[in-house]
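Student: I'd like to go over a predicted model; first the sequence, then the structure.
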Amino acid sequence: MSCCDKDKNAGNMPHSEAVKLGELVQYSDGSIVSRTLIDTGGGSVTLFAFDKGQSLSEHTAPFDALVQVIEGSLRLTIGGSDVTAGEGQSVLMPADVPHALNAEEQSKMLLVMIKSSGSC
C-alpha cells in the first residue's frame, strides 16, 4: 500500500455528531498537546492546545496549511512577516514558505493540511 492509498480516521472524532472542538484537547502546563482528528491520504486535521509562551520553531510544509484559532491568540511568522490571529480567525499558510508559531496566551487551534494531488 502506498502512502496515497492510506485512508484512516484517527478514531478521535465521532462521525455524524456535533462536537465543540475546544473540548477535544486540553491544556498542559508548559507544553503543547496535539490530537489528530483525521489523517487520510488526502490530508490531516489536528487540534493543538498551547500553554502560554509555547512555540513551534520555523519549518516548512510541502502543501498549504489552514490555521483556525479556537481560543486565545497566536502569533504566526510566515515568510518573515508576523500575523496575529485571535479566537475565530483563520490564517492560510502557503506551501514551502517558512513559518513559525508562538502562543501569546493559552491557545487552541485547528490545523488543516490538504495535500495536493501529486504529494503523499
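Tutor: Nice, thanks for sending it over.
Student: doesn't Val112 lie inside a helix?
Tutor: No: assessed with DSSP: H, G, I helix; E, B strand; the rest coil, Val112 is strand; it does not lie in a helix.
Student: count the residues that sit near it.
Tutor: 17 (other C-beta atoms under 10 Å). Placement of C-beta: from N, CA and C, glycine included.
Student: same thing with Asp82?
Tutor: 10.
Student: surely it meets His99?
Tutor: No: assessed by C-beta atoms under 8 Å, Asp82 is found out of contact with His99, at 10.8 Å.
Student: touching both of these two, which residues are there?
Tutor: Taking C-beta atoms under 8 Å, 6 or more residues apart in numbering as the criterion, Asp82 and His99 both touch Leu76.
Student: low-confidence stretches in the chain?
Tutor: 1-12, 117-120 (pLDDT under 70).
Student: all the strands of it, residue numbers only.
Tutor: 7-8, 32-40, 43-50, 55-59, 65-71, 73-78, 81-86, 90-93, 99-103, 107-114 (DSSP state E).
Student: His15: which of those is closest?
Tutor: Closest to His15 of those is strand 32-40 (C-beta to C-beta; 10.5 Å).
Student: keeping just the C-alphas, turn the closest one into CSV.
Tutor: Provided in CSV are the C-alpha atoms of strand 32-40 (Å, rounded to 0.1, in the frame of the first residue of the first chain):
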residue,chain,number,x,y,z
ILE,A,32,1.9,21.7,23.6
VAL,A,33,-0.7,19.0,23.3
SER,A,34,-1.9,17.7,19.9
ARG,A,35,-4.7,15.4,18.9
THR,A,36,-5.1,14.1,15.3
LEU,A,37,-8.8,14.0,14.4
ILE,A,38,-8.5,12.9,10.8
ASP,A,39,-5.5,11.5,8.9
THR,A,40,-6.0,10.4,5.3
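Student: that strand pairs with which strands, and in what direction?
Tutor: With DSSP bridges as the test, strand 32-40 is paired with strand 7-8 (antiparallel), strand 43-50 (antiparallel).
Student: please work out which of those is packed deepest.
Tutor: strand 43-50 (a mean of 21; mean count of other C-beta atoms under 10 Å).
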